[in-house]
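S.K.: please find the sequence and the predicted model below.
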Number of protein chains: 2
Amino acid sequence: MTEEVRLIIVGFGVVARSLAGSLEARGEEFRRTRGIDFHLVAAVDSKSAAIDRNGLDVRELLRRKEETGRVGRRSLPATEIIEDTEADILVELTPANPLDAEPGMTHLKSAIKSSKHVVTANKMPLAHEYPSLMTSAESRGVQVRYSACVGAGLPILDFGDACAVSEPLLKVEGVLNATSNFVLSRMESDSSSFPEALEEAKKLGYAESNPWLDVDGVDSAAKIVIIANHTLKKSLTLKDVAIVEGIRRISPSRVKALREEGKKVRMVASVERRPEVRVLELPRGDPLSIDGACNVVKFHCKYSGERVVSGPAAGGVTTSSAVMRDLLRVGASIGGS
Amino acid sequence: MTEEVRLIIVGFGVVARSLAGSLEARGEEFRRTRGIDFHLVAAVDSKSAAIDRNGLDVRELLRRKEETGRVGRRSLPATEIIEDTEADILVELTPANPLDAEPGMTHLKSAIKSSKHVVTANKMPLAHEYPSLMTSAESRGVQVRYSACVGAGLPILDFGDACAVSEPLLKVEGVLNATSNFVLSRMESDSSSFPEALEEAKKLGYAESNPWLDVDGVDSAAKIVIIANHTLKKSLTLKDVAIVEGIRRISPSRVKALREEGKKVRMVASVERRPEVRVLELPRGDPLSIDGACNVVKFHCKYSGERVVSGPAAGGVTTSSAVMRDLLRVGASIGGS
């Protein structure tokens, strides 16, 4: 028995394209091993939409997007598509907007209102309104899953969940922005200036064309809010992050001086009582002083001490792997295995 | 609504005593927050047994064990108690025996035969007969959970599960024996000899009085077999571990010479095609070159690269935390929340 699971993908950037490629390449595997038959019934980008209730031809869709920059010929409001298309899951992959979390916020609310599950890689709606979004999802009986919002593909929230089964978590802290960490590591390893290292990060596809969300700490702030709500059962929004320090003003000479003292400068987000993002000087051996486009998170467990998880956390492929994890879990819960 | 969950604990060493203490101290919390009301209906140590179908007085039991070295006055065969006592879960905490995995093996089989779930911290039965034990548990419709067999409280298997949802795992490798790692770290940090460092590990409660399972690599071999079966879906037993290297012959002079080259010697268990345990020289910055009584495991994921998890992994408190995790999960699956 395979269960048909119908998806709407809204936002068609690098994560969505990687995801669509996986759905196409691994479709047969998922049908066979999980009993889940994913159908992409609608795809929406900023300029256009494509809808087919029987399932879009994903290969054709990807080709069209590559050739024309659009998924479809027509333009239709995303909210209308989300509310009116028969589907099981909205996959929300529009860009993070720290000001009002739009258009993602409206998309999530439309999906919940029309009783669709949500899988999202867009952290800002959750950072802005986690408590109320979860309450309304619960009242509608739908799941909101957001693995990809923290750690890209690195299953940070899952690890925290496993720790929290039998122990209270006292504090969580970590390097949550891979781009900033790449920049700081690069400044350290080859004495690049901040702009040079950031340029390198852009070239490698780690940084957005407008990378201030990363380097000014806002991305980390959004992520620590999500971790605090999910793992520590707090009820916070972005406004509760009292301190947000960025790395824009860090000079090569400071990095060099620290290196000579055996220290590294790192952007560390943490939450114990209140969430904050600080730029800290860490000894080289500190678990949080990881190098490269990685994330690392330390969970302080009441009985077992400090548990640490780390790994690469940038780029479309690993982020789409987290989205896929969520899709497979929702799929399993609604009929697959 | 609270669900009564009846436990039999067999083996009453340091992990069992820590677990019993938690059941006592946190009973009200579990009733309130999880809807699970744990009752210890039987406790068995190597010399005696205590049974009460309405639930033993745990405080009294712990006091008696401390004062007399026994949990009860009578001696009864553990298998008889396991098979004849009405209970939901056998908690198997007898010492690891690498030769034939007894008495744990018989206990597990008795529990499965009498349709009881199993939560175990004794890795040897699983290392010897994982595939057949799981098959017979499945045919009886009972769960066998074994978090505590790998990583003590560190949720290594959970983390692997989360990675494996959406990506094939290609290889797993790690430092799985905290005692050996403590010994090697100590030899490095203060130039102790192997016997001195091992003595220190015993004093701190990390090493058993007969620590050859740890330092000769057998404990690591058993754990990598369990990880390979659980995470990579292999079908292996301890006999399949082709190479098992121990650390008994490592000299302070070798450790010192390596330190001067910026390297550390570590006992690393790994599985790609076949499982093995090797003593490796690692660069100081390698994620596996962790210090102290810790475990660290690297999961090589097909799409997202290397993900690493680490933390303290020795002692009764953290091990009993993993047993509690399993108990709460079995409890949730049979009626709690």
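M.R.: That came through fine.

S.K.: quick one: contacts for A:R73?
M.R.: A:S48 (CB atoms under 8 Å, 6 or more residues apart in numbering or on different chains). (Glycine included, C-beta is placed from N, CA and C.)

S.K.: distance check, it against A:P312.
M.R.: Using CB to CB, to the nearest Å, one gets 37 Å for the distance from A:R73 to A:P312.

S.K.: what does A:S132 give?
M.R.: Here the distance between A:S132 and A:P312 works out to 33 Å (CB to CB).

S.K.: which elements pack onto the helix or strand hosting A:I9?
M.R.: Using DSSP states H and E, A:I9 maps to strand A:3-10. Packing partners of strand A:3-10 (3 or more CB pairs under 8 Å, 6 or more residues apart in numbering or on different chains; DSSP states H and E): helix A:14-34, strand A:36-44, helix A:78-84, strand A:89-92, helix A:316-333.

S.K.: how about the CA coordinates for stretch A:42-61, as PDB?
M.R.: Extracted in PDB, the C-alpha atoms of stretch A:42-61 (Å, rounded to 0.1, in the frame of the first residue of the first chain):
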ATOM      1  CA  ALA A  42       1.500  23.100  -7.200                       C
ATOM      2  CA  ALA A  43       4.700  25.100  -7.400                       C
ATOM      3  CA  VAL A  44       4.900  28.800  -6.900                       C
ATOM      4  CA  ASP A  45       7.700  31.300  -7.300                       C
ATOM      5  CA  SER A  46       7.700  35.000  -7.000                       C
ATOM      6  CA  LYS A  47       6.500  35.500 -10.600                       C
ATOM      7  CA  SER A  48       4.400  32.600 -11.500                       C
ATOM      8  CA  ALA A  49       2.700  29.300 -10.600                       C
ATOM      9  CA  ALA A  50       2.200  25.800 -11.900                       C
ATOM     10  CA  ILE A  51      -0.700  23.600 -10.800                       C
ATOM     11  CA  ASP A  52      -1.700  20.100 -11.700                       C
ATOM     12  CA  ARG A  53      -4.000  18.200  -9.500                       C
ATOM     13  CA  ASN A  54      -2.600  14.900 -10.900                       C
ATOM     14  CA  GLY A  55       1.000  15.900 -10.100                       C
ATOM     15  CA  LEU A  56       3.300  18.100 -12.000                       C
ATOM     16  CA  ASP A  57       6.100  16.700 -14.200                       C
ATOM     17  CA  VAL A  58       9.000  17.700 -11.900                       C
ATOM     18  CA  ARG A  59      11.700  17.300 -14.500                       C
ATOM     19  CA  GLU A  60       9.800  19.500 -16.900                       C
ATOM     20  CA  LEU A  61       9.200  22.000 -14.100                       C
END
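
S.K.: what sits against A:A121?
M.R.: A:V15, A:E92, A:L93, A:Y146, A:A148, A:C149, A:T319, A:A322, A:V323.

S.K.: possible to save those as a markdown table with pLDDT?
M.R.: A markdown table is the format used below for these (pLDDT from 0 to 100):
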| residue | pLDDT |
| --- | --- |
| A:V15 | 96 |
| A:E92 | 98 |
| A:L93 | 98 |
| A:Y146 | 98 |
| A:A148 | 97 |
| A:C149 | 97 |
| A:T319 | 96 |
| A:A322 | 97 |
| A:V323 | 98 |
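
S.K.: let's have those in TSV, adding neighbour count and distance to chain B.
M.R.: Listed next are those as TSV, based on neighbours: other CB atoms under 10 Å in any protein chain shown; distance: CB to the nearest CB, whole Å:
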residue	neighbour count	distance to chain B
A:V15	25	13
A:E92	28	18
A:L93	28	16
A:Y146	23	14
A:A148	27	10
A:C149	27	15
A:T319	26	9
A:A322	33	7
A:V323	29	8
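
S.K.: any chance of those residues in JSON lines with distance to B:H128 as columns?
M.R.: Putting the contacts of A:A121 into JSON lines (distance: CB to CB, whole Å) gives the following:
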{"residue": "A:V15", "distance to B:H128": "45"}
{"residue": "A:E92", "distance to B:H128": "48"}
{"residue": "A:L93", "distance to B:H128": "47"}
{"residue": "A:Y146", "distance to B:H128": "41"}
{"residue": "A:A148", "distance to B:H128": "40"}
{"residue": "A:C149", "distance to B:H128": "43"}
{"residue": "A:T319", "distance to B:H128": "41"}
{"residue": "A:A322", "distance to B:H128": "37"}
{"residue": "A:V323", "distance to B:H128": "40"}
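
S.K.: about what we covered before: centre of the chain to the strand holding A:I9, how far?
M.R.: With CA atoms, centre = their mean, to the nearest Å as the basis, strand A:3-10 stands 19 Å off its chain's centre.

S.K.: cool, and stretch A:232-244?
M.R.: Relative to the chain's own centre, stretch A:232-244 is displaced by 17 Å; criterion: CA atoms, centre = their mean.

S.K.: in that stretch, what's buried?
M.R.: Of the residues in stretch A:232-244, A:L232, A:K234, A:L236, A:T237, A:L238, A:D240, A:V241, A:V244 count as buried by neighbour count, 16 or more other CB atoms under 10 Å in any protein chain shown.

S.K.: would you point out the most distant pair within those?
M.R.: Across the buried residues of stretch A:232-244, no pair lies farther apart than A:L232 and A:V244, at 18.8 Å, counting by CB to CB.

S.K.: near chain B, which residues of the stretch 51-200 of chain A show up?
M.R.: The stretch 51-200 of chain A comes close to chain B at residues A:A152, A:G153, A:L154, A:P155, A:D158, A:F159, A:D161, A:A162, A:C163, A:V165, A:S166, A:E167, as judged by CB under 8 Å from any CB of the partner chain.

S.K.: among those, the buried ones, what's the PyMOL command?
M.R.: Selecting the buried subset of these in PyMOL, with 16+ other CB under 10 Å as the burial test, is done by:
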select buried, chain A and resi 152+153+154+155+158+159+162+163+165+166+167
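
S.K.: present the residues of the stretch 51-200 of chain A next to chain B as a markdown table; the columns should include pLDDT and secondary structure.
M.R.: As requested, these are exported to a markdown table (pLDDT from 0 to 100; DSSP: H, G, I helix; E, B strand; the rest coil):
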| residue | pLDDT | secondary structure |
| --- | --- | --- |
| A:A152 | 93 | coil |
| A:G153 | 94 | coil |
| A:L154 | 97 | coil |
| A:P155 | 97 | coil |
| A:D158 | 97 | helix |
| A:F159 | 98 | helix |
| A:D161 | 97 | helix |
| A:A162 | 97 | helix |
| A:C163 | 96 | helix |
| A:V165 | 95 | helix |
| A:S166 | 94 | helix |
| A:E167 | 94 | coil |
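
S.K.: how about CSV for the residues of the stretch 51-200 of chain A next to chain B, with distance to B:G174 added?
M.R.: Formatted as CSV, these follow (distance: CB to CB, whole Å):
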residue, distance to B:G174
A:A152, 22
A:G153, 19
A:L154, 17
A:P155, 17
A:D158, 18
A:F159, 15
A:D161, 21
A:A162, 16
A:C163, 18
A:V165, 22
A:S166, 22
A:E167, 22
